[in-house]
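> Take this sequence and fold it.
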Amino acid sequence: MSETVNKKPILIYVDADACPVKDEVYRVAERYGLKVYVVSNSPMMIPRDPMIERVVVDAGPDVADDWIAERAVRGDVVITNDVPLASRCVKAGADVISPSGRAFTEATIGMALATRNLMEDIRSTGQITGGPKPFSKRDRSTFLSALDLAIGRLKRAGFG
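Now for the predicted structure:
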């Protein structure tokens, strides 16, 4: 008989200020019965649902990131496009997914950080590098698949 009494619940943390997939997170979380923390520097509308909690942190660089990174552990899912935050959460054992569906893992986070730092250095010299490509329906679909895979993997690993 498997032990379910002390099963750690899967929590989802959303770095919400610029997240284009919040509605998708809410739908998936509802399907699986998971708690979602929507973390931002300013109030935002969220569904009236006891499983979705809005967390408004103080303004300032990295305050929302710090709140998430201090809590995310193995068995949790973090949704963010912020590579330094992703790195901190991956090191803590959390599953980390970007809104476009890119999974940040121990194997990929080093290259993601190096690329981010290189691009930041290039921008600081005044060279125009262009912004991110527009968010697409395909990105949304890829994200939904990645989130479903992560939750399924965590459930198979005994998280609930």
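> Touching, Ser100 and Phe135? I think so.
Yes - look at Ser100 against Phe135 with CB atoms under 8 Å: they come within range, at 7.2 Å. For glycine as for every other residue, the C-beta is placed from the backbone atoms N, C-alpha and C.
> Pick out whichever of these two has more residues nearby.
The neighbour comparison of Ser100 against Phe135 (other CB atoms under 10 Å) goes to Ser100, with 18 against 13.
> In contact with the more buried one, which residues are there?
Contacts for Ser100 were tallied using CB atoms under 8 Å, 6 or more residues apart in numbering; they are 81, 135, 139, 142-143.
> try Val57
Going by CB under 8 Å, 6+ apart, Val57 touches 39-41, 63-64, 66-67.
> and the one residue sitting closest to the centre of the chain, bridged to which residues?
Centroid check for the chain by CA atoms, centre = their mean gives Ile79 as the closest residue, at 1.2 Å. Ile79 forms beta bridges with Val14, Ile97, as assigned by DSSP bridges.
> Asp95 is in contact with that one, correct?
No - between Ile79 and Asp95 there is no contact under CB under 8 Å: 9.8 Å.
> Let me know the closest of the contacts of Val57 to Glu53.
Val39 (9.3 Å; CB to CB).
> How many residues are close by that closest one?
Residues near Val39, counting by other CB under 10 Å: 26.
> Okay, buried residues for the helix or strand where it lies please.
In this structure, Val39 is located in strand 35-40 according to DSSP states H and E. Buried residues in strand 35-40, counting neighbours by 16 or more other CB atoms under 10 Å, are found at 35-40.
> Of those residues, which pair is most distant in space?
Lys35 and Ser40 (16.7 Å).
> Return the backbone torsion pair for the residue lying closest to Pro47 once chain neighbours are set aside.
Distances taken as CB to CB, 6 or more residues apart in numbering place Tyr26 nearest to Pro47, at 5.8 Å, with adjacent residues excluded. Dihedral pair for Tyr26: phi -60, psi -40, per degrees, to the nearest 10.
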